[in-house]
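S.K.: Only the shape, not the letters, is given here:
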């Protein structure tokens, strides 16, 4: 057994891998939340339900229609994004001028309806989704065994998050998105369809949750509770990074995953609360979050 200063390196690196995987999902989900809140000022409490819906959509696509994992990676986020578009168009837009609390309560209600529906249809025990054949192997490293699928999740999450940040912060399309939400009257005067931008932005943020659900299906049990179990943690991460900060959501999601993994190794009893402890400390020191801007 490889040890260093009394530390079991196999156990330490194993927990770091678990932390990075969890952090990858935290980053994708918190990025979607940050986009929706940062650009649209909508608190989407249904993000966890969309994550669950993405996992179930991948499972149903495989078992009912024979659609494999790789096709689901493309089709499911588009389908979940379309669900988000319909939500914004017919549920959220009619109350767009009301207090933000109304959209929070509405999306929370949608999440409860979806969770209850899938619990009724499939039960709460969970369903299995097999890892695709091409990613079933692994690599033997000096201090751990690295499964290929775990490595794929980490790399894919970093690439998707990086491309999303670049698109929003560095491209003309991102500039239109930001301008359309900050000064919609001016953008409409220039002929930009601001309501369409808002709808597509919401759909994109929700689609990221659907993508995370597809990627999570082969690792975690596909169950109606999987979204509610992760949602509170993701909201805490968004608060730590700074509400609406795109880069903050990505970095904080990955960082909190690593911190959670280290805590599971050194002090397992605190692993479920360490993120909330960090949130409390950050809010006391910097209420706007690590990367947020003061109002």
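M.R.: Yep, it's here. Remember, it's a predicted structure, so these values are computed and weren't measured experimentally.
S.K.: so who does residue 27 touch?
M.R.: Contacts for residue 27 (C-beta atoms under 8 Å, 6 or more residues apart in numbering) come out as 157-158, 161, 249-250, 253-254, 257. To be clear about C-beta, it is placed using only N, CA and C from the backbone, and glycine gets the same treatment.
S.K.: go again using 7 Å as the cut-off
M.R.: Residue 27 sits next to 157, 161, 249-250, 253-254 when contact means C-beta atoms under 7 Å, 6 or more residues apart in numbering.
S.K.: Make TSV out of these and add distance to residue 242, pLDDT and neighbour count.
M.R.: Formatted as TSV, the contacts of residue 27 follow (distance: C-beta to C-beta, whole Å; pLDDT from 0 to 100; neighbours: other C-beta atoms under 10 Å):
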residue	distance to residue 242	pLDDT	neighbour count
157	20	96	25
161	16	95	23
249	8	92	34
250	12	93	26
253	12	94	28
254	15	94	23
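S.K.: ok, so of these, who is nearest residue 276?
M.R.: residue 253 (14.9 Å; C-beta to C-beta).
S.K.: For residue 23, see how far away the closest one is.
M.R.: Look at residue 253 and residue 23: by C-beta to C-beta, to the nearest Å, they are 6 Å apart.
S.K.: With residue 274 instead?
M.R.: Distance from residue 274 to residue 23, by C-beta to C-beta: 13 Å.
S.K.: same check, this time on residue 184
M.R.: Counting by C-beta to C-beta, the gap from residue 184 to residue 23 is 35 Å.
S.K.: Next: residue 262.
M.R.: From residue 262 across to residue 23, the span is 11 Å (C-beta to C-beta).
S.K.: Residue 287 too?
M.R.: 24 Å.
S.K.: Settle it for me: which of the two has more neighbours?
M.R.: Using other C-beta atoms under 10 Å, the more surrounded residue of residue 287 and residue 23 is residue 23, with 27 against 12.
S.K.: what comes up buried for the helix or strand encompassing that one?
M.R.: If you go by DSSP states H and E, residue 23 is part of helix 9-40. Neighbour-count burial for helix 9-40, counted by 16 or more other C-beta atoms under 10 Å, picks out 11-40.
S.K.: just the helices in the stretch 1-150 of the chain please.
M.R.: Here the stretch 1-150 of the chain has its helices, by DSSP state H, counting those that start in this stretch, at 9-40, 47-65, 69-87, 100-122, 148-170.
S.K.: would a markdown table of the ones you listed with distance to residue 196 be doable?
M.R.: Shown next, in a markdown table, are the helices of the stretch 1-150 of the chain (distance: least, C-beta to C-beta, whole Å):
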| stretch | distance to residue 196 |
| --- | --- |
| helix 9-40 | 13 |
| helix 47-65 | 21 |
| helix 69-87 | 10 |
| helix 100-122 | 19 |
| helix 148-170 | 17 |
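S.K.: just so I know, which of those lies nearest residue 280?
M.R.: helix 9-40 (17.6 Å).
S.K.: Determine the angle, from 0 to 180 degrees, between that closest one and helix 148-170.
M.R.: Interaxial angle of helix 9-40 relative to helix 148-170 (axes from the mean of the first three to the mean of the last three C-alpha atoms, to 10 degrees): 30 degrees.
S.K.: what number of residues lie near residue 278?
M.R.: Other residues near residue 278 number 20, with proximity taken as other C-beta under 10 Å.
S.K.: pretty sure it contacts residue 241?
M.R.: No. Residue 278 sits out of contact with residue 241 when judged by C-beta atoms under 7 Å, with a separation of 10.8 Å.
S.K.: Low-confidence stretches in the stretch 1-150 of the chain?
M.R.: 1-9 (pLDDT under 70).
S.K.: What count of nearby residues applies to residue 191?
M.R.: Neighbour tally, residue 191, other C-beta under 10 Å: 6.
S.K.: And for the one 10 residues further on?
M.R.: By the measure other C-beta under 10 Å, the count of residues near residue 201 is 23.
S.K.: looking at it, it is touching residue 39, isn't it?
M.R.: Yes. Residue 201 is in contact with residue 39 according to C-beta under 7 Å; the separation is 5.4 Å.
S.K.: what sits in contact with each of those two?
M.R.: Residues touching both residue 201 and residue 39 by C-beta under 7 Å, 6+ apart: residue 177.
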